[in-house]
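> Sharing a sequence plus its predicted fold:
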Protein chains: 2
Amino acid sequence: MPEPTRRGPYAKGVERRRQILEEALAAYAESDSSGPSLRSIAARVGLSERGLLHYFPARDELLVAILAERDAADRATFDPDGPLDDLSAVTAHSAETPGLVRLFLEMSAAAPDPEHAAHGFFTRRYRELRELVARKFRRSAPESSEVDAEFAARILIAASDGLQAQWLLDPSIDLADDLGRLAKILASAPRRRT
Amino acid sequence: MPEPTRRGPYAKGVERRRQILEEALAAYAESDSSGPSLRSIAARVGLSERGLLHYFPARDELLVAILAERDAADRATFDPDGPLDDLSAVTAHSAETPGLVRLFLEMSAAAPDPEHAAHGFFTRRYRELRELVARKFRRSAPESSEVDAEFAARILIAASDGLQAQWLLDPSIDLADDLGRLAKILASAPRRRT
């Protein structure tokens, strides 16, 4: 998507897209794991499904933009220099919207295709999230070596994603508690000797 | 799918399905992350795509049966009383077939739908795998409490699934090494005090 300028019809399009994404997140928050239809998202902003898709290059671009919008909302509540526990809170929060957990899994399955809208998004997301979590880990476990922080970041992100998949089928899993315990165990594990 | 009896036309159907699933796994093993087409799997057993789907109630049933066949093959190399390291080996092996890693993610996104072929499969799979891994964990870390073994099983399975999703986009991730380290850290973590 080319970067639009901030005035005239472009600015209107930007504003409209923002409104659509906000309403999409609200629709997911009210939905069960099957998620809202594009049609019902469109209705919230007074558009037909066709009209809705006019604002995005393709259906998959809209779906990826919804995931990006959730990330942006999560990041606003996420202090990169705050405690590692924030991670569990973000995971617990995303588990309130099982439709988005499913959308995330679907899109991550599509991501390896370089032509798919999810490719750039997931590649960047994992890289940035690993850096962010590694930084938090270094602060909360300063005695750990740098290698450990990168390892810990990969594992914490993987465990968060994988636990959400298990939780979709077994809601008795306490995501925040499991991730909080894992973070503590990793932070207090001995330094790698290599 | 009703359980077929072991004789007559049913037995032939059973044998044919087994052959199809074996060839499907071979086709995935030769494919990149985009996976083989149903048509190319069909061609390996001398069938059209339509002829192939004749042996399964629906396309999704075939796809889930392919994942079940991989699990069965992995389980044959997996001693429930063997060392926890076997887990890393299984994950490293499944990472040789990125097409199956993507299929797994796709189907796990579909699994929460009770009407979908993946629902029963994933529900059982997670439950059985957690029991299996917890049992291995108890043997390799006998001083850990029972609660810890179940926690460790959830985390190890989640990390294996989640790391595979990261690895699809960054093949430099060493799945076996990461999981092996995680298993050691969990096994040597102090007992939970609650």
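Structure received.
> contacts and neighbour counts: CA atoms only from here.
Fine.
> tell me the angle of the strand or helix carrying A:R181 relative to helix B:175-188?
Using DSSP states H and E, the element containing A:R181 is helix A:175-188. Counting by axes from the mean of the first three to the mean of the last three Cα atoms, to 10 degrees, helix A:175-188 lies at 90 degrees to helix B:175-188.
> what's helix A:175-188 packed up against?
If you count contacts as 3 or more Cα pairs under 8 Å, 6 or more residues apart in numbering or on different chains; DSSP states H and E, helix A:175-188 packs onto helix A:86-94, helix A:146-169, helix B:146-169, helix B:175-188.
> hmm, who's touching that helix?
Residues outside helix A:175-188 that contact it (Cα atoms under 8 Å, 6 or more residues apart in numbering or on different chains) are A:84-85, A:87-89, A:91-92, A:95, A:137, A:140-141, A:144, A:152, A:156, A:159-160, A:163-164, A:167, B:151, B:155, B:185-186, B:189.
> same deal with stretch A:54-70?
Contacts of stretch A:54-70 (Cα under 8 Å, 6+ apart): A:1, A:13, A:16-17, A:21-22, A:24-25, A:53, A:100, A:103-104, A:107, A:116-118, A:121.
> Also stretch A:107-122?
Taking Cα under 8 Å, 6+ apart as the rule, stretch A:107-122 contacts A:60-61, A:64, A:68, A:123, B:33-34, B:102-103, B:105-106, B:165, B:168-169.
> Helix or strand: which one has the nearest residue to A:S48 once chain neighbours are set aside?
Leaving out its chain neighbours, the residue that sits closest to A:S48 by Cα to Cα, 6 or more residues apart in numbering or on different chains is A:A42, at 5.6 Å. Assigned by DSSP H and E, A:A42 falls within helix A:38-44.
> chain center to whichever strand or helix holds A:A29: distance?
Element membership of A:A29, judged by DSSP H and E, is helix A:8-30. Centroid separation for helix A:8-30 versus its chain: 17 Å, with Cα atoms, centre = their mean, to the nearest Å.
> list the helices and strands that helix packs on?
helix A:38-44, helix A:59-76.
> List the buried residues of the longest one.
With burial defined by 16 or more other Cα atoms under 10 Å in any protein chain shown, the residues of helix A:59-76 counted as buried are A:D60, A:E61, A:L62, A:L63, A:V64, A:A65, A:I66, A:L67, A:A68, A:E69, A:R70, A:D74.
> ok, back up a step: may I have the helix or strand following the helix holding A:A42 as PDB, with CA atoms only?
Using DSSP H and E, the helix or strand that directly follows helix A:38-44 along the chain is helix A:49-53. These are the backbone C-alpha positions of helix A:49-53, laid out as PDB (Å, rounded to 0.1, in the frame of the first residue of the first chain):
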ATOM      1  CA  GLU A  49     -19.100  -5.700   2.200                       C
ATOM      2  CA  ARG A  50     -18.000  -4.600  -1.300                       C
ATOM      3  CA  GLY A  51     -17.800  -1.000  -0.100                       C
ATOM      4  CA  LEU A  52     -15.700  -2.100   2.900                       C
ATOM      5  CA  LEU A  53     -13.200  -3.900   0.600                       C
END
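> Only the buried subset of the contacts of stretch A:54-70, as a ChimeraX command please.
Listed next is the ChimeraX selection for buried residues among the contacts of stretch A:54-70, using 16+ other Cα under 10 Å:
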select /A:13,17,21,22,24,25,53,100,103,104,107,117,118,121
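> Leaving out chain neighbours, which residue sits closest to A:F104?
Nearest non-adjacent residue to A:F104 (Cα to Cα, 6+ apart): A:L67, at 7.1 Å.
> got the CA coordinates for stretch A:150-161 in CSV?
C-alpha atoms of stretch A:150-161 as CSV (Å, rounded to 0.1, in the frame of the first residue of the first chain):
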residue,chain,number,x,y,z
GLU,A,150,17.2,-13.8,22.6
PHE,A,151,16.5,-17.5,23.4
ALA,A,152,14.1,-16.4,26.1
ALA,A,153,12.3,-14.0,23.7
ARG,A,154,11.9,-16.8,21.1
ILE,A,155,10.5,-19.2,23.7
LEU,A,156,8.2,-16.7,25.4
ILE,A,157,6.7,-15.6,22.1
ALA,A,158,6.4,-19.2,20.9
ALA,A,159,4.8,-20.3,24.2
SER,A,160,2.3,-17.5,24.1
ASP,A,161,1.3,-18.4,20.5
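> does chain B sit close to that stretch?
Yes - residues of stretch A:150-161 contacting chain B under Cα under 8 Å from any Cα of the partner chain: A:F151, A:R154, A:I155, A:L156, A:I157, A:A158, A:A159, A:S160, A:D161.
> Tell me how many other residues crowd the last one.
Okay, so that is A:D161. 23 (other Cα atoms under 10 Å in any protein chain shown).
> Wait, it touches B:I157, no?
No - with contact defined as Cα atoms under 8 Å, A:D161 and B:I157 do not form a contacting pair (10.8 Å).
> Need the residue closest to the centroid of chain A.
Residue closest to the average C-alpha location in chain A (Cα atoms, centre = their mean): A:D71, at 4.3 Å.
> so what secondary structure elements neighbour the helix or strand bottoming out on mean pLDDT in chain A?
Ranking every helix and strand in chain A by mean pLDDT, DSSP states H and E puts helix A:86-94 at the bottom, with a mean of 83. Using 3+ Cα pairs under 8 Å, 6+ apart, the elements in contact with helix A:86-94 are helix A:175-188.
> Can you give me the buried ones in the helix it packs on?
A:L175, A:A176, A:D178, A:L179, A:G180, A:R181, A:L182, A:A183, A:I185, A:L186, A:A187, A:S188.
> same check, this time on stretch A:92-105
In stretch A:92-105, counting by 16+ other Cα under 10 Å, buried: A:92, A:94-105.
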